[in-house]
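Asker: one predicted model, sequence on top.
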Amino acid sequence: MRVIRVETSTATILLTEAPEPKVRDRQTGEIAKDANTGETLMTLGVVYLEDGESSLIKVTVPESGVTEGLSLGAPVSLVGLVARPWESVFNGQQRHGIAFRAAAVAPAAYSATVGASA
(Lines give C-alpha, C1' and ligand atoms only; values in the text may rest on other atoms or scores of the structure.)
Protein backbone atom coordinates (compact mmCIF):
# COMPACT_ATOMS: atom_id res chain seq x y z
CA MET A 1 0.00 0.00 0.00
CA ARG A 2 1.10 3.57 -0.69
CA VAL A 3 3.19 5.48 1.87
CA ILE A 4 2.60 9.25 1.97
CA ARG A 5 5.28 11.59 3.32
CA VAL A 6 3.95 14.15 5.79
CA GLU A 7 5.46 17.64 5.60
CA THR A 8 5.84 18.91 9.18
CA SER A 9 7.91 22.09 8.74
CA THR A 10 4.94 24.45 9.31
CA ALA A 11 3.28 22.39 12.05
CA THR A 12 3.63 22.46 15.81
CA ILE A 13 3.67 18.97 17.30
CA LEU A 14 3.22 18.48 21.06
CA LEU A 15 3.81 15.23 22.95
CA THR A 16 0.61 14.07 24.70
CA GLU A 17 1.47 10.42 25.51
CA ALA A 18 4.93 9.16 26.45
CA PRO A 19 6.48 6.46 24.24
CA GLU A 20 5.65 2.91 25.27
CA PRO A 21 6.13 -0.47 23.60
CA LYS A 22 3.59 -1.15 20.85
CA VAL A 23 1.45 -4.20 21.59
CA ARG A 24 0.98 -6.46 18.58
CA ASP A 25 -1.50 -8.87 20.19
CA ARG A 26 -3.58 -7.61 23.12
CA GLN A 27 -4.59 -11.14 24.16
CA THR A 28 -1.03 -12.45 24.49
CA GLY A 29 0.71 -9.15 25.26
CA GLU A 30 3.15 -9.74 22.38
CA ILE A 31 5.23 -6.63 21.64
CA ALA A 32 5.42 -5.46 18.00
CA LYS A 33 8.75 -5.69 16.21
CA ASP A 34 9.92 -4.08 12.96
CA ALA A 35 9.54 -6.64 10.16
CA ASN A 36 12.94 -5.79 8.64
CA THR A 37 15.17 -5.15 11.67
CA GLY A 38 13.42 -6.99 14.51
CA GLU A 39 13.68 -3.85 16.62
CA THR A 40 10.99 -3.15 19.23
CA LEU A 41 8.41 -0.60 18.05
CA MET A 42 7.12 2.17 20.32
CA THR A 43 3.93 4.22 20.12
CA LEU A 44 3.40 7.76 21.33
CA GLY A 45 0.61 10.29 21.17
CA VAL A 46 0.92 13.80 19.77
CA VAL A 47 -1.32 16.71 18.94
CA TYR A 48 -0.55 17.99 15.44
CA LEU A 49 -1.32 21.72 15.04
CA GLU A 50 -1.31 23.40 11.64
CA ASP A 51 -3.32 26.17 9.96
CA GLY A 52 -5.50 26.70 13.03
CA GLU A 53 -6.57 23.05 13.20
CA SER A 54 -5.45 20.23 15.48
CA SER A 55 -5.48 16.44 15.34
CA LEU A 56 -4.61 13.85 17.96
CA ILE A 57 -2.57 11.07 16.39
CA LYS A 58 -0.66 7.97 17.47
CA VAL A 59 2.76 7.53 15.90
CA THR A 60 4.92 4.40 15.75
CA VAL A 61 8.69 4.86 16.13
CA PRO A 62 11.49 2.30 16.42
CA GLU A 63 12.90 2.14 19.96
CA SER A 64 16.29 3.48 18.78
CA GLY A 65 14.50 6.55 17.36
CA VAL A 66 13.15 7.68 20.74
CA THR A 67 15.43 10.50 21.88
CA GLU A 68 16.05 11.36 25.54
CA GLY A 69 14.70 14.61 26.93
CA LEU A 70 11.07 14.20 25.83
CA SER A 71 8.50 15.87 28.12
CA LEU A 72 4.71 15.64 28.06
CA GLY A 73 3.19 18.80 26.63
CA ALA A 74 6.49 19.88 25.08
CA PRO A 75 7.08 20.32 21.34
CA VAL A 76 8.68 17.45 19.43
CA SER A 77 9.87 16.84 15.90
CA LEU A 78 8.91 13.67 14.04
CA VAL A 79 11.75 12.80 11.68
CA GLY A 80 10.64 11.13 8.45
CA LEU A 81 6.92 11.10 9.32
CA VAL A 82 4.82 9.09 6.87
CA ALA A 83 1.14 8.14 6.69
CA ARG A 84 -0.06 4.78 5.41
CA PRO A 85 -3.76 4.14 4.70
CA TRP A 86 -4.96 0.71 5.89
CA GLU A 87 -8.10 -1.38 5.86
CA SER A 88 -9.08 -4.76 7.27
CA VAL A 89 -12.05 -6.88 8.19
CA PHE A 90 -12.45 -7.72 11.90
CA ASN A 91 -15.39 -9.81 13.14
CA GLY A 92 -17.13 -9.24 9.81
CA GLN A 93 -16.78 -5.46 10.09
CA GLN A 94 -14.79 -3.45 7.54
CA ARG A 95 -12.35 -1.09 9.28
CA HIS A 96 -10.00 1.52 7.86
CA GLY A 97 -7.75 4.32 8.96
CA ILE A 98 -4.35 5.93 8.66
CA ALA A 99 -1.24 4.63 10.43
CA PHE A 100 1.55 7.12 11.16
CA ARG A 101 5.20 6.15 11.47
CA ALA A 102 8.37 8.18 12.01
CA ALA A 103 12.05 7.27 11.97
CA ALA A 104 12.63 9.27 15.18
CA VAL A 105 11.07 11.59 17.74
CA ALA A 106 13.12 14.34 19.38
CA PRO A 107 12.56 17.47 21.49
CA ALA A 108 11.91 20.59 19.38
CA ALA A 109 11.46 24.32 19.89
CA TYR A 110 8.10 26.06 19.67
CA SER A 111 7.33 27.51 16.26
CA ALA A 112 7.78 31.28 16.06
CA THR A 113 4.28 31.54 14.56
CA VAL A 114 2.49 30.06 17.60
CA GLY A 115 0.55 32.85 19.30
CA ALA A 116 1.71 35.45 16.78
CA SER A 117 -0.87 37.97 15.63
CA ALA A 118 -1.15 39.48 12.17
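Answerer: Yep, it's here.
Asker: okay, now the unreliable bits of this structure?
Answerer: 1, 110-118 (pLDDT under 70).
Asker: can you tell me the centre-most residue of it?
Answerer: Val59 (1.7 Å; C-alpha atoms, centre = their mean).
Asker: quick one: secondary structure of the residue lying closest to it once chain neighbours are set aside?
Answerer: In space, and not counting its chain neighbours, Val59 is closest to Phe100: 4.6 Å by C-beta to C-beta, 6 or more residues apart in numbering. In this view, the C-beta of every residue, glycine as well, is placed from N, C-alpha and C. Classification of Phe100 by DSSP: H, G, I helix; E, B strand; the rest coil places it in strand.
Asker: beta-bridge partners for Phe100, please?
Answerer: Beta bridges link Phe100 to Val59, Ala83 when assigned by DSSP bridges.
Asker: what number of residues are in the vicinity of it?
Answerer: 20 (other C-beta atoms under 10 Å).
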